[in-house]
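K.L.:
pasting the sequence and the predicted model now:
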Amino acid sequence: MQIPLQITFQGIPHSDALEAAIREKAAKLEEFYPRLTSCRVVVEEKRRHKHQGRLFNVRIDLHVPGHEFAVNRDGH
């Protein structure tokens, strides 16, 4: 990657274990597509639900030459 991986935690404390897992997955993406220019990951807690527990949103922005991809996932 030309630009280092950016990982942001919003509304939750920083987690070394989660950051390590994200870095591992990003390395696999770069292995799959070496022309990957940049990758930005945002993990945020949306809200706490009485029955479902903590709900999170994860957004991944990938840049490759000439294109930008965004993936957004909600879950718990």
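P.N.:
Great, that's in hand. Numbers count the residues shown, from 1 in each chain.
K.L.:
so where do the helices sit in the chain?
P.N.:
Assigned by DSSP state H, the helices in the chain fall at 16-32.
K.L.:
okay, and for it, where does confidence drop off?
P.N.:
48-52, 75-76 (pLDDT under 70).
K.L.:
strands along that one, start to end?
P.N.:
Secondary structure of the chain (DSSP state E): strands at 6-10, 38-49, 53-64, 67-75.
K.L.:
what would those look like in a markdown table with distance to A27 and mean neighbour count?
P.N.:
All C-beta atoms are positioned from the backbone trio N, CA, C, and that covers glycine. Converted to a markdown table, the strands of the chain look like this (distance: least, C-beta to C-beta, whole Å; neighbours: other C-beta atoms under 10 Å):
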| stretch | distance to A27 | mean neighbour count |
| --- | --- | --- |
| strand 6-10 | 13 | 13 |
| strand 38-49 | 10 | 15 |
| strand 53-64 | 14 | 15 |
| strand 67-75 | 17 | 9 |
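K.L.:
using CSV, lay out the ones you listed together with distance to K25.
P.N.:
Putting the strands of the chain into CSV (distance: least, C-beta to C-beta, whole Å) gives the following:
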stretch, distance to K25
strand 6-10, 11
strand 38-49, 9
strand 53-64, 9
strand 67-75, 12
